[in-house]
Every structure is written in C-alpha cells, then in structure tokens.
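*Asks:* Provided below are the primary sequence and the corresponding predicted coordinates.
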Amino acid sequence: MSVIEIGQAFGFVSSFTNSAATIHTVSIITTMLLLTELINFFNISQLLASYKMGGIASLLTPEGMLLFVAPIVPVLLCLEVLALGLMRKLRLHQYKTTVLTHVLNVIIGKFLVIDALAFVLKHLDHVSPFKTSMTCYWFIYSYVVWEFSQFVFHYSSHKIRLLWCTHAPHHTPEHINLTVAYSGFFLQAIVAYAIRCGICIVLGVSFQMLMLIILLDGAWGGLLHVSEEILPDGRLGFLKKWIMTPQHHRIHHSRNPEYIDKNFCNFLSIWDHVFRTYQKPLPEVAPDYGIARKINANSFIQMYFSEFYYLFLDIKNTKGLKNKLLYPFMPPGWHPQLT
Ligand SMILES: [Zn+2]
Ligand SMILES: [Zn+2]
C-alpha cells in the first residue's frame, strides 16, 4: 500500500497537497510514512481497503473475516514484548537479529518484482486433473496436501545445502520468540511459495482454497514461535496428538542430537509420522536452541550470511569440478570423502 493510498484512506492527501508550510508538510509525510510501515507490519491494509469499499458489512463476510487473521502474529508480538516488559524478563538483544532480518527482508522485498505464486499459477494451473471447490471435504483434502508441500519444502531446506543457507537464519536464534517467525533469508519466501504452491496447484487445490490455507497456516506458523516465558509448556493439552504445538516446534529449533531434523510439519503432524521425523519432547532433554555450528548468534552478519560463506569456502577448497558442483545440492555436513 502506497503512502498516497494511506493518505487517501485517512483523508490526509488534500490537506497535505494544499499546505504551504514546509515543516507542516514534512511532519505529515513523516507521520504517513511511519503509519504506512505500521499498517503494513500489522497487515491491516486490506482490512482498511475492504472497510473503505464496502463498510462494516464487507468485514462480516467470510472473506472479510479472514482479513482479521493476518494481523494476529504482529499483534501477539506486541503483546509478547509488553508482557515480557511488565514481567521484567524482556531482553532486547534476543530480538535484535530477527528484527534486523525482517527489516532487511521488507526493504529488499520492496525492490523485488518476482511473484513466485503468479509464475507457478501461470505454468502449472493447466496440469491439475481436477480443482477443489470451497467445501469442508475439499478443505480437509487441501490442508493435507498443503501440509505435504510444507514438509517437502521444509525437509529440502534442511537437506539441500543451498536451501539450508536460506533457511539457516531462521534457526540461528538461541532464544525463541515471535520475531523468529519473521527471520529467514529473503530468497527463502520465493522458494517456499514456488515449491508449496506448485505442489498444491498440480494436486488440484484451487487458488481461493490456497489463499485461505496460506492465511490460516501463516498465522499458526507464527504462533508456533511464542516465547517460553509467555507459554512455558506449549503443548496445548490433548491437541498435541493431532497438531503441531509450540513445544513441537521448539524441538525443531533445537540442536540437541535427539532433536535435530525433527518435526518439519507446521499444523498437522501427519507427514512427520509418515516419514518418521516426528519427535515428542523428552523429559530428560531440555531444548538447546540454535544451529550445530558455533556462531555469534547476536551478530546479524554472521546470522544472515555465514552459511553462504562456509558453502563458498567448501566449494573453493574442494578438488574437482564434480565435487564443486555437488556441494550446493548435498546435505549440510557432506564432503567428497563421505561418498
Ligand atoms: Zn527448519
Ligand atoms: Zn521456526
């Protein structure tokens, strides 16, 4: 959403364009810019647009209600920070690298014109033999297919070195909080959308159904990162038998040998059971968050780029063209002597 659109939504633009006082204009522009970033951060631009077009009635439709899902994680993040502050447990350095990652991704994202979803739709939509409709049964089918695509993407991100380089920034934080949900190399989102949406579209999930699931799953994926100080247990009672809970995802973020490369699913645990990567919490093993290689987790440069640097060093130092070409596609930890 542009500054002008925000201005129009709030009726600022006419007063801003007619104003002669420069200082007044600058202050209004600054306010609008801050407002734009705030609105974009809270994902409420569509909510505002829908309200402006159709009033309160438009927000009471199924599509309108979905617009309330997207701001859940940002709002909870603010509540998490507020609650930790009130409990005097807020450690700002635990948020530094993840917030910087999000800011960098937002800035780069503004300059990227790649729309992975549009690309996949254009080239794969005609391949599917059928299309789901918006019914309960198709919703369940679509969610199981989406979770499969999530498993494929996430597992590949841990087992293919080049994809691991883009996923590692999500795993380097040594403390879990809601900002971790935003941390990842900026190219990861494009790869994620291409793989997940590609699989879903080929298996017949309609565009509308895909959008609905992406919104719901995105909100849940964010909630999985709620901090231990806010939700110490994180097992969600009987629900843990069927769905992935914050506790399951904390295991995924742990570098303990018992927990590495486990719990790849996001909402339904079905595919972790099928592919035997499901791991429940072990009472005697407390999660130790971070990646196996020792790095300075408070250094943004190390957190964001170091995996690429080490891949570059491995390619540079290995002998033979075949080995150099293999490195980006083999799992982390692989070297030619192992084959
Ligand atoms: Zn992961
Ligand atoms: Zn995570």
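*Replies:* That came in fine, so what should we check first? Ligands and ions are numbered 1, 2, ... in the order given.

*Asks:* quickly list the domain ranges of the chain.
*Replies:* By the assignment in automatic domain parsing, the chain contains the domains 3-59, 86-274.

*Asks:* any chance of TSV for those, columns distance to residue 282, mean neighbour count and mean pLDDT?
*Replies:* Any C-beta I mention is one placed from the backbone N, CA and C, and that applies to glycine too. Below are these laid out as TSV (distance: least, Cβ to Cβ, whole Å; neighbours: other Cβ atoms under 10 Å; pLDDT from 0 to 100):
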stretch	distance to residue 282	mean neighbour count	mean pLDDT
domain 3-59	36	14	57
domain 86-274	6	18	84
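
*Asks:* export the ones you listed to JSON lines and tack on distance to residue 311?
*Replies:* Formatted as JSON lines, the domains of the chain follow (distance: least, Cβ to Cβ, whole Å):
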{"stretch": "domain 3-59", "distance to residue 311": "32"}
{"stretch": "domain 86-274", "distance to residue 311": "6"}
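
*Asks:* and of those, who's closest to residue 328?
*Replies:* For residue 328, the closest of the domains of the chain is domain 86-274, at 4.0 Å, according to Cβ to Cβ.

*Asks:* quick check: end-to-end length of that closest one?
*Replies:* Start and end residues of domain 86-274 are separated by 43 Å (Cα to Cα, to the nearest Å).

*Asks:* and what of stretch 272-279?
*Replies:* Using Cα to Cα, one end of stretch 272-279 lies 8 Å from the other.

*Asks:* quick check: the gap between residue 174 and residue 213.
*Replies:* Separation of residue 174 from residue 213 (Cβ to Cβ, to the nearest Å): 31 Å.

*Asks:* and for residue 122?
*Replies:* Going from residue 122 to residue 213 by Cβ to Cβ gives 20 Å.

*Asks:* got it, and residue 95?
*Replies:* Using Cβ to Cβ, we find residue 95 at a distance of 29 Å from residue 213.

*Asks:* what's the burial count for residue 280?
*Replies:* Applying other Cβ atoms under 10 Å, we find 14 other residues in the vicinity of residue 280.

*Asks:* need phi/psi at it.
*Replies:* Note on residue 280: backbone dihedrals following degrees, to the nearest 10 are phi -90, psi 160.
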